[in-house]
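Peer 1: Sequence first, then the predicted structure, then my questions.
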Amino acid sequence: MTLTRRDVETIAHLARLGISEDELPAYVGSLSRIIGFVEQLAAVDTAEVEPLAHPLEDQVQRLRADAVDETDRRELYQQNAAAVEAGLYIVPKVIE
């Protein structure tokens, strides 16, 4: 399937993209090649391909121990803050 100039203009409008007249031919060509590639992928027979439930299905993952290895340093970090109250950082209101 080859896209037309009008198709790309419509796509750009729907996506709220500003494409100049100079860029339009490049987009027409690029998007047409992408759609052509997707059509090639869709044409491949995948009836005999089993879905992959998990990439490590027959393998064992080495997991690290679920243990705390850092100490609570909140007090140290909050010493640098401009304003702190009840363990929370106080920041200026930016949205009315």
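Peer 2: Yep, it's here.

Peer 1: Just the CA trace of the helix ranked longest in the chain, in CSV.
Peer 2: Taking residue count as the measure and DSSP state H as the definition, the longest helix of the chain comes out as helix 24-43. Only the C-alpha atoms of helix 24-43 are listed here, as CSV (Å, rounded to 0.1, in the frame of the first residue of the first chain):
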residue,chain,number,x,y,z
LEU,A,24,5.9,16.2,2.9
PRO,A,25,7.5,14.0,0.2
ALA,A,26,9.9,12.5,2.6
TYR,A,27,7.1,11.6,5.0
VAL,A,28,5.1,10.1,2.1
GLY,A,29,8.0,7.9,1.2
SER,A,30,9.0,6.9,4.7
LEU,A,31,5.4,6.1,5.9
SER,A,32,4.7,4.1,2.7
ARG,A,33,7.9,2.0,3.3
ILE,A,34,6.8,1.4,6.9
ILE,A,35,3.4,0.3,5.9
GLY,A,36,4.9,-2.0,3.2
PHE,A,37,7.1,-3.6,5.8
VAL,A,38,4.1,-4.2,8.1
GLU,A,39,2.3,-5.8,5.2
GLN,A,40,5.2,-8.1,4.6
LEU,A,41,5.2,-9.1,8.3
ALA,A,42,1.4,-9.8,8.1
ALA,A,43,1.9,-12.1,5.1
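
Peer 1: Going by contacts, tell me the helices and strands next to the helix or strand following that helix.
Peer 2: The helix or strand immediately downstream of helix 24-43 is helix 74-78, counting by DSSP states H and E. Here helix 74-78 is seen to pack against no other helix or strand when contacts are counted using 3 or more Cβ pairs under 8 Å, 6 or more residues apart in numbering; DSSP states H and E. To be clear about C-beta, it is placed using only N, CA and C from the backbone, and glycine gets the same treatment.

Peer 1: Read off the pLDDT value for residue 14.
Peer 2: The predicted structure scores residue 14 at 96 on the pLDDT scale.

Peer 1: repeat for residue 95
Peer 2: Reading off the confidence values, residue 95 has pLDDT 87.
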